[in-house]
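[1] Just the structure for this:
(one chain, ligands or ions: 2)
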Amino acid sequence: MLRFMGDYMKNMLVTGGAGFIGANFIRFILEKEPDLNLVNLDLLTYAGHEENLEGIGSSNYFFVHGDICDGDLVAKVIRDHQIDTVVHFAAESHVDRSIVSPGQFIQTNIVGTFNLLETCRLFWQKSGSYSGKRFHHVSTDEVFGMLKIGDPAFTEETPYSPSSPYAASKASSDHIVRSYFHTYKLPITISNCSNNYGPFQFPEKLIPLMILNAVNGKPLPVYGEGQQIRDWLYVEDHCSAIYSILNYGEIGETYNIGGKNQFSNLEIVKSICSILDSYLPNSPYRPHSQLITFVQDRPGHDFRYDMNFNKIQAKLGWAPNYDLEFGLKATVKWYLNNQSWIESVSGNVAFQDWMNKNYINR
Ligand code: NAD
Ligand code: TYD
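    Residues are numbered from 1 along each chain as shown. Ligands and ions are numbered 1, 2, ... in the order given. As a prediction, the model looks like this:
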């Protein structure tokens, strides 16, 4: 059972649990904690899919379709299910979309987070004590801005310097979460994590997009010269880091999470191509690297991210389990074996429109 300083957490609200990381987290935690009651509140935006949760048999799992910005709904969920733990994933999460239409990012990521915090504060105060309660906020390395080659990795003390509307909205939400600890003593923890990849990632993000385009013989659109560097983390490692923070993290603290897997975008795309070359020996598109196409760069594109995760390693004993070679192979295999999932999440007109506007005509 999840524990924090002798108090037990029994009823968990996961927001955004039909998205990529949220769905992986729900699968992860229900396996670790079969007695946990878990409510998944998700608006099922273009990025949320109930298919991501297919096969979850637990009778302790409940899905609520709704918006984290809806105060009445959030209050009802927290009251009806006696929620003592919130793990907050719900967000607009794609930098490219935040450049095209930033308004929804401000609404969901800032106003939605505020609404959740305020409802928890009021409900948990009424219940008499914050003991055994926790609000965990899931955030990103992008709040820190970008690094040059040779700059030291981001630590928890690095000042925020977000570049995109997405990063700025997440930075803002982090500040609001922290303010609820300082002002109201709300029992919060925060994690800032590097780029995730793995099963169930919506195919508009770099790794799944490249896998699917390559399999189908479509161009692989690399922004600029593909020299930007990200620190890649297999999604299960992110889930285990959050689990460690829920169990052993200190209230009010922030933990950086990273993978120690620093590669340029071009290196990532080439690795995917060579994995596909070996998994699909009869593909007419071999070598898949011939599909690489350099396209117009993203405006304000951050050059490099790198996370120093010494704190979570030293204080909570967490470290990533998977390196990039293992993780990429597992991810490519997963996408090759889950064709019906791919068709069901990406077959709609809105997604095809987005891809045509933003990638093909870039
Ligand atoms: P995602 O876009 O795959 O999923 C987001 C989910 O939130 C979707 O299911 C969507 O339907 C839901 N949602 C959106 N608006 C909502 C609203 N108003 N009310 C309720 N639900 C809503 O995102 P992801 O990649 O799984 O990221 C999850 C969290 O992790 C985000 O907070 C993101 O900032 C953070 N994060 C992501 C990465 C990454 O590499 N993907 C890295 C670090 C941190
Ligand atoms: P992305 O998956 O959108 O994550 P983030 O912007 O949050 O890091 O992109 C990862 C990197 O890959 C980023 O530097 C942009 C680049 N990229 C491409 O070169 N081509 C693409 O088609 C996409 C989606 C991303």
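[2] all strands in the stretch 151-300 of the chain, in order from the N-terminus.
    Counting by DSSP state E, counting those that start in this stretch, the stretch 151-300 of the chain has strands at residues 188-193, 195-197, 220-223, 229-234, 254-257, 262-264, 292-295.
[3] now for the ones you listed, which one comes closest to ligand 2?
    Taking C-beta to the nearest ligand atom, strand 220-223 is the member of the strands of the stretch 151-300 of the chain nearest to ligand 2, at 3.6 Å. For glycine as for every other residue, the C-beta is placed from the backbone atoms N, C-alpha and C.
[4] neighbours around whatever residue of the stretch 251-362 of the chain ends up closest to ligand 1, how many?
    Residue of the stretch 251-362 of the chain nearest ligand 1, by C-beta to the nearest ligand atom: Ile257 (8.0 Å). Counted with other C-beta atoms under 10 Å, residues neighbouring Ile257 total 29.
[5] Between the two ends of stretch 222-234, what distance do you get?
    Start-to-end span of stretch 222-234 (C-alpha to C-alpha, to the nearest Å) is 21 Å.
[6] when you give positions from now on, start the count at 43
    Got it, the first residue is 43 from now on, which makes the last one we talked about stretch 264-276.
[7] buried residues in it?
    264-265, 268, 270-276 (16 or more other C-beta atoms under 10 Å).
[8] what's the farthest-apart pair in those?
    Farthest pair in the buried residues of stretch 264-276 (C-beta to C-beta) is Tyr265 and Tyr276. Separation: 22.9 Å.
[9] ok, the residue in the stretch 293-404 of the chain positioned nearest to ligand 2 - contacts?
    Nearest residue of the stretch 293-404 of the chain to ligand 2, counting by C-beta to the nearest ligand atom: Asn307, 4.4 Å away. Asn307 sits next to 248, 264-265, 268-272 when contact means C-beta atoms under 8 Å, 6 or more residues apart in numbering.
[10] could you redo the last one with a cut-off of 10 Å?
    Asn307 is in contact with 248-249, 252, 264-272, 343, counting by C-beta atoms under 10 Å, 6 or more residues apart in numbering.
[11] and if you look at Met349?
    Counted by C-beta under 10 Å, 6+ apart, Met349 has contacts 183, 186, 195-198, 200, 234-237, 273, 275, 298-302, 304.
[12] Against Thr197, how distant is the closest residue to it other than its chain neighbours?
    In this structure, Met349 finds its nearest non-sequential neighbour in Gly300, 2.9 Å apart by C-beta to C-beta, 6 or more residues apart in numbering. Distance of Gly300 to Thr197, computed by C-beta to C-beta, to the nearest Å: 11 Å.
[13] Of those two, give the one with the bigger neighbour count.
    More neighbours surround Gly300 than the other of Gly300 and Thr197, with 28 against 14 (other C-beta under 10 Å).
[14] Please report phi then psi for that one.
    phi -150, psi 170 (degrees, to the nearest 10).
[15] Please list all residues in contact with it.
    183, 195-196, 234-237, 273-275, 279-280, 283, 347-352, 354-355, 362 are the contacts of Gly300 under C-beta under 10 Å, 6+ apart.
[16] Kindly list the single helix or strand of this structure that scores lowest on mean pLDDT.
    Lowest by mean pLDDT, DSSP states H and E among the helices and strands of the chain is strand 45-46, with a mean of 64.
[17] so after it, what's the next helix or strand?
    Sequence order places strand 49-50 as the next helix or strand after strand 45-46, per DSSP states H and E.
[18] could the buried residues of stretch 264-276 go into a markdown table alongside distance to Val129?
    Below are the buried residues of stretch 264-276 laid out as a markdown table (distance: C-beta to C-beta, whole Å):
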| residue | distance to Val129 |
| --- | --- |
| Val264 | 34 |
| Tyr265 | 32 |
| Gly268 | 34 |
| Gln270 | 30 |
| Ile271 | 29 |
| Arg272 | 24 |
| Asp273 | 22 |
| Trp274 | 22 |
| Leu275 | 17 |
| Tyr276 | 19 |
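[19] List the beta-bridge partners for His179.
    His130, Ile232 (DSSP bridges).
[20] neighbours of it, just the number please.
    25.
[21] Figure out which of the strands of the stretch 193-342 of the chain is closest to Asp216.
    Per C-beta to C-beta, nearest to Asp216 of the strands of the stretch 193-342 of the chain: strand 230-235, 5.9 Å.
[22] my guess is Lys227 meets Ile293, correct?
    Yes - at 8.4 Å, Lys227 counts as touching Ile293 under the criterion of C-beta atoms under 10 Å.
[23] out of these two, which sits in the busier spot?
    Shown here are Lys227 and Ile293; by other C-beta under 10 Å, Ile293 has more neighbours (16 against 13).
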